[in-house]
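# Sequence first, then the predicted structure:
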Amino acid sequence: MPAVSKGDGMRGLAVFISDIRNCKSKEAEIKRINKELANIRSKFKGDKALDGYSKKKYVCKLLFIFLLGHDIDFGHMEAVNLLSSNKYTEKQIGYLFISVLVNSNSELIRLINNAIKNDLASRNPTFMCLALHCIANVGSREMAEAFAGEIPRILVAGDTMDSVKQSAALCLLRLYKTSPDLVLMGEWTSRVVHLLNDQHMGVVTAAISLITCLSQKNPDEFKTCVSLAVSRLSRIVSSASTDLQDYTYYFVPAPWLSCKLLRLLQCYPPPEDGAVKGRLVECLETILNKAQEPPKSKKVQHSNAKNAILFEAISLIIHYDSEPNLLVRACNQLGQFLQHRETNLRYLALESMCTLASSEFSHEAVKTHIETVINALKTERDVSVRQRAADLLYAMCDRSNAKQIVAEMLSYLENADYSIREEMVLKVAILAEKYAVDYSWYVDTILNLIRIAGDYVSEEVWYRVIQIVINRDDVQGYAAKTVFEALQAPACHENMVKVGGYILGEFGNLIAGDPRSSPLIQFNLLHSKFHLCSVPTRALLLSAYIKFINLFPETKPTIQEVLRSDSQIRNSDVELQQRAVEYLKLSSIASTDVLATVLEEMPPFPERESSILAKLKKKKGPGAVSVSELEDGKREGGELNGGGERGSDPSAIAASNASTPSPSADLLGLRSAAPIGSAAPSAGSLLVDVFSEAGPAAPSSGANDDNFLSSAPSSSSLGSEDPAPPLPESDELLNKFVCKNNGVLFENQLLQIGIKSEYRQNLGRMYLFYGNKTSVQFTKPVEPLVEGGAQVQQVINIECLTDFSEAPLLNIKFRYGGALQNITLKLPVTINKFFQPTEMASQDFFQRWKQLSLPQQEAQKIFKANNAMDTEVLKAKLLGLGSALLENVDPNPENFVCAGVIQTKAQQVGCLLRLEPNAQAQMYRLTLRSSKDSVSKRLCELLAEQF
């Protein structure tokens, strides 16, 4: 930066600032500012032309006044004029004023752009840097449109100075984050990647930030950066602190660049090239070795830089999850940090070990630190560290240590911080259910949980224990006995009364033979809690009473007397009054047989994933649950129709959508609303409600203006601009969902769109989760506002009217930072989503195969394998397609055959499939036959992309 001469001191500005600081009151400050504004206005409007110094001084004063919180409505033109000055300080002040005060919609934007273009073309490095800084600071779409094509040329030009290259890389990064559709690297890709080999470390540091961002969006285009990044990382890691003197920070060579290189490598899978992979493993081993060396300085900056690299390296090791030796070494290193005196290190170690615990290679190594983690849970002073310790205990739990961990968590729960109690309760409930070998232990654990932290036991927890007790005959008597004993405590939590009322009402007869728990004693015990409970619990107890009349006829007079009392049949609550009246009449007029039929024991609940797990995911903070778990689909019951997804184009699908705000602000926990719910199918729908948190999705008569999905452009506060054309990668995104139902459909720096869907016959229901990844509000998506870091949910009900080939389009419009974002994707709805599997014997299959012998009924394709020919993977994909995979049908055991029926409203289309892999040639022959030629052709096109 050029030296500032004495004449640039701007004494008038210093005097003005001093006057402002010396003002005794707000009124005096406003008076002084108004006086100065009047003076500046008169100078700007005067006949006498101002020199550059005066303009700079007055523009500085206006900028200072603006920073004090006062509006400035003039002086913009004078600031623009300063851009044409050849003096650095004048040009600098002009750019500073524009960066802070000029709106991207200003009428002066064209003049500003011309001045910036002149500076970029000047080849004066100082002026070029000022222009690039201004573009990055403003960062508007207009700036991107004007300069997105010019900046990459400056970045890779051979004669560009290093300081300008750094500014150009960071400027391009800023524009890409705000307007990714306008920053197209194209021909510049390889030259930008090769900046990683630049001799100037500052250029490499700036370039890698840009390359990392670009790689996250277009990994295939930038995959050549992996080998270069490994090479650069190797040179840094193996260098001594004296080799990179200008970039050595407290004896640590280039720590920021090392962290960025490690972060870039996390965008890609492990390198396929053996030499590159070996070099990278050496780097990671060197980093782990250096962590064991004695520190070269006692200053905190040295340890911070060293540990930053170490934790980023461990993150990369966890990301690859393919090197057992490195995973175990990383676990041991983190184990040493668990007892470090620095709280932040203990926190980070616990957090990283949570991820390591999920790896099959390092799970056992993590378990060796169980005593240290339990001690941290009990003794840590910082609540956030205790919470991470609880998370790690949850992650490391398995059948071998479940009872110990659950006991320790229950013990801690009695004194746990209120902020984490509900989450702790959910974790204990999940672990107790997941690893329960002896279900009497499970019942004891949950009842203990209610006793210790009843206020934090959600409905999902006690619902679940009742479901399990009802479904398991071997534990019903024990549960009744245990809950009866628990209710005898003087102070009994209401959730315990709910569980007791339900279980004794169903299974009280199993303990009635004991004189200490006779029917009348059971009833009196429950009724003694009645007046202390809320209305919903009283309603449950009344239902338990009528069940008692069926189980124990001798209690009928006592219970009828209770039901007949004024406090019941004249209760101010209509629900209690109605129950009391109806139960009284039922017990009075119904015969024993009728009563036994009406009040028979509850049937077993259908097996499904616990809704407690969904509740836990919603409790986690932003980023605590990874998106990958959405794709894992860890359902106990499996997905309908083999997990395939279904859909159609606008002409073939009737879609109604209802938007509901998601109660979770967890962007990356998109699965959190997705357990199979307990709601029965509604009368108007063949679908069960797969989202127990969301409730049944009621079809609406049409889409409203706030919906993302629209079949035609509609005018709204976002403007009447037409939907954007589908993204170039929309076909690729669609193909990812042909054989699966759940996953992340789209993600960029601003927005994440996740999908969960279910299909049956010709009907489907899709849940779209829109996550705002920024800290700024989006305006006008499904909800009028989406807060920063929040997520909203949209429900789409789908009906397949006839067969189709084109997927419907999903158009999303919202404003971010004042700029309209217009994104169009293909909704992952394909014809195979409406498959119903059909089982066939070998003879029936080939008989039907011969019947479908017309040339137009068959579609065949021979193609090269895109992936490794793994039999289990092939089976999983064919099952995901939705058809039935027929075993022992084809004479060649290497071949796969499937059968199914495509269900549409208009007709049913039978389909047969034969896949013949040739492992030696790495080729497939795929043959589809169906009763409709368009279906055969479309299915063949879709499936050929999957193998």
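It's in. What you see is a predicted model; the values in this text were computed from it and never measured. Numbering: from 1, shown residues only.

# where do the helices sit along the stretch 201-350 of the chain?
201-217, 225-237, 255-265, 274-292, 300-320, 324-337, 343-356 (DSSP state H, counting those that start in this stretch).

# so which of these gets nearest Y176?
Of all these, it is helix 201-217 that lies closest to Y176, at 6.0 Å by C-beta to C-beta. C-beta: built from backbone N, CA, C; applies to glycine.

# Scan the helices and strands of the protein for the one with the lowest mean pLDDT.
The weakest-scoring helix or strand in the chain, judged by mean pLDDT, DSSP states H and E, is helix 628-632 (a mean of 35).

# residue ranges with poor pLDDT in the stretch 401-550 of the chain?
Within the stretch 401-550 of the chain, the set of residues satisfying pLDDT under 70 is empty.

# circling back: mean pLDDT and distance to F507 added to the helices of the stretch 201-350 of the chain, as a markdown table?
Converted to a markdown table, those look like this (pLDDT from 0 to 100; distance: least, C-beta to C-beta, whole Å):
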| stretch | mean pLDDT | distance to F507 |
| --- | --- | --- |
| helix 201-217 | 90 | 55 |
| helix 225-237 | 91 | 61 |
| helix 255-265 | 92 | 56 |
| helix 274-292 | 90 | 57 |
| helix 300-320 | 90 | 47 |
| helix 324-337 | 89 | 46 |
| helix 343-356 | 90 | 39 |
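
# mind giving me TSV with these and columns for distance to F814?
Below are the helices of the stretch 201-350 of the chain laid out as TSV (distance: least, C-beta to C-beta, whole Å):
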stretch	distance to F814
helix 201-217	19
helix 225-237	31
helix 255-265	28
helix 274-292	40
helix 300-320	31
helix 324-337	40
helix 343-356	32
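
# a markdown table for the ones you listed, including mean neighbour count?
Compiled in a markdown table, those are given as follows (neighbours: other C-beta atoms under 10 Å):
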| stretch | mean neighbour count |
| --- | --- |
| helix 201-217 | 22 |
| helix 225-237 | 22 |
| helix 255-265 | 23 |
| helix 274-292 | 16 |
| helix 300-320 | 20 |
| helix 324-337 | 20 |
| helix 343-356 | 21 |
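
# The helix or strand containing Y478: how far from the chain's middle?
Using DSSP states H and E, Y478 maps to helix 473-487. Distance of helix 473-487 from its chain centroid, counting by C-alpha atoms, centre = their mean, to the nearest Å, is 40 Å.

# picking that back up, quick one, which of the helices of the stretch 201-350 of the chain is nearest to I446?
Between I446 and the helices of the stretch 201-350 of the chain, the shortest separation by C-beta to C-beta is 24.6 Å, and it involves helix 343-356.

# how big is the angle separating that closest one from helix 324-337?
Going by axes from the mean of the first three to the mean of the last three C-alpha atoms, to 10 degrees, helix 343-356 is angled at 150 degrees with respect to helix 324-337.

# which other helices and strands contact the helix or strand following helix 343-356?
Using DSSP H and E, the helix or strand that follows helix 343-356 in sequence is helix 363-367. Where contact means 3 or more C-beta pairs under 8 Å, 6 or more residues apart in numbering; DSSP states H and E, helix 363-367 is packed against helix 324-337, helix 343-356, helix 383-396.

# Arrange the ones you listed in TSV, one row each, with distance to S567 as further columns.
Listed next are the helices and strands packed on helix 363-367 as TSV, based on distance: least, C-beta to C-beta, whole Å:
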stretch	distance to S567
helix 324-337	61
helix 343-356	52
helix 383-396	44
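
# And those: which comes nearest T871?
Nearest to T871, of all the helices and strands packed on helix 363-367, is helix 324-337, at 25.2 Å by C-beta to C-beta.

# Now tell me what touches the helix or strand harbouring V406 from outside.
In this structure, V406 sits in helix 402-413 according to DSSP H and E. Helix 402-413 has contacts (C-beta atoms under 8 Å, 6 or more residues apart in numbering) with 370, 374, 377-378, 390, 393-394, 396-397, 421, 424-425, 427-428, 431-432, 434-435, 441, 445, 448-449, 452-453.

# Any of these buried? List them.
Neighbour counting with 16 or more other C-beta atoms under 10 Å marks 370, 374, 377, 390, 393-394, 396-397, 421, 424-425, 427-428, 431-432, 434-435, 441, 445, 448-449, 452-453 as buried within the contacts of helix 402-413.

# who touches stretch 441-456?
Contacts with stretch 441-456, where a contact means C-beta under 8 Å, 6+ apart, come from 403, 406, 410, 413-414, 416, 421-422, 424-425, 428-429, 432-433, 436, 457, 461-462, 465, 468-469, 475, 478-479, 482-483, 486, 489, 493-496, 499.

# now stretch 64-80
For stretch 64-80, the external contacting residues (C-beta under 8 Å, 6+ apart) are 13, 16-17, 20, 29, 33, 36-37, 40-41, 44, 50, 55, 58-59, 62, 93-94, 97-98, 100-102, 106, 108, 111-112, 115.

# quick one: buried residues of it?
By neighbour count on 16+ other C-beta under 10 Å, the buried set for stretch 64-80 is F64, I65, I72, G75, H76, E78, A79, V80.

# circling back to that earlier point, among the buried ones among the contacts of helix 402-413, which are located in helices?
If you go by DSSP state H, those have 370, 374, 377, 390, 393-394, 396, 421, 424-425, 427-428, 431-432, 434, 441, 445, 448-449, 452-453 in helices.

# before we move on, the earlier item: need the CA coordinates for the next helix or strand after the helix holding Y478. CSV is fine.
Sequence-wise, the next helix or strand beyond helix 473-487 is helix 494-507, with elements assigned using DSSP H and E. Extracted in CSV, the C-alpha atoms of helix 494-507 (Å, rounded to 0.1, in the frame of the first residue of the first chain):
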residue,chain,number,x,y,z
GLU,A,494,-48.4,-38.1,36.5
ASN,A,495,-46.7,-40.0,33.7
MET,A,496,-46.3,-42.9,36.2
VAL,A,497,-50.1,-42.7,36.8
LYS,A,498,-50.7,-42.9,33.0
VAL,A,499,-48.5,-46.0,32.6
GLY,A,500,-50.1,-47.5,35.7
GLY,A,501,-53.6,-46.9,34.6
TYR,A,502,-53.0,-48.3,31.1
ILE,A,503,-51.1,-51.4,32.2
LEU,A,504,-53.3,-52.3,35.2
GLY,A,505,-56.4,-51.7,33.0
GLU,A,506,-55.1,-54.3,30.5
PHE,A,507,-53.1,-56.7,32.7
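
# Pull out the buried residues from helix 494-507.
Result for helix 494-507 [16+ other C-beta under 10 Å]: buried residues 494-507.

# what's the closest of these to T286?
Closest to T286, out of all of the buried residues of helix 494-507 and judged by C-beta to C-beta, is N495, at 54.7 Å.

# who touches the closest one in this structure?
Contact partners of N495, counting by C-beta under 8 Å, 6+ apart, are I450, G454, V457, V461, W462.

# ok, of those, which one's closest to I211?
V461 (47.3 Å).

# ok, now how distant is that closest one from I468?
Distance, V461 to I468, by C-beta to C-beta, to the nearest Å: 11 Å.

# likewise E364?
Using C-beta to C-beta, E364 is found at 29 Å from I468.

# quick one: which of those two has more around it?
Per other C-beta atoms under 10 Å, whichever of E364 and I468 has more neighbours is I468, with 20 against 14.

# tell me what whichever helix or strand the more buried one is part of is packed against?
Counting by DSSP H and E, the element that carries I468 is helix 459-471. With contacts taken as 3+ C-beta pairs under 8 Å, 6+ apart, helix 459-471 sits against helix 418-434, helix 439-453, helix 473-487, helix 494-507, helix 611-619.

# Check which residues of stretch 382-395 are buried.
Within stretch 382-395, judged by 16+ other C-beta under 10 Å, the buried ones are V385, R386, Q387, R388, A389, A390, D391, L392, L393, Y394, A395.

# Alright, that wraps it up for me.
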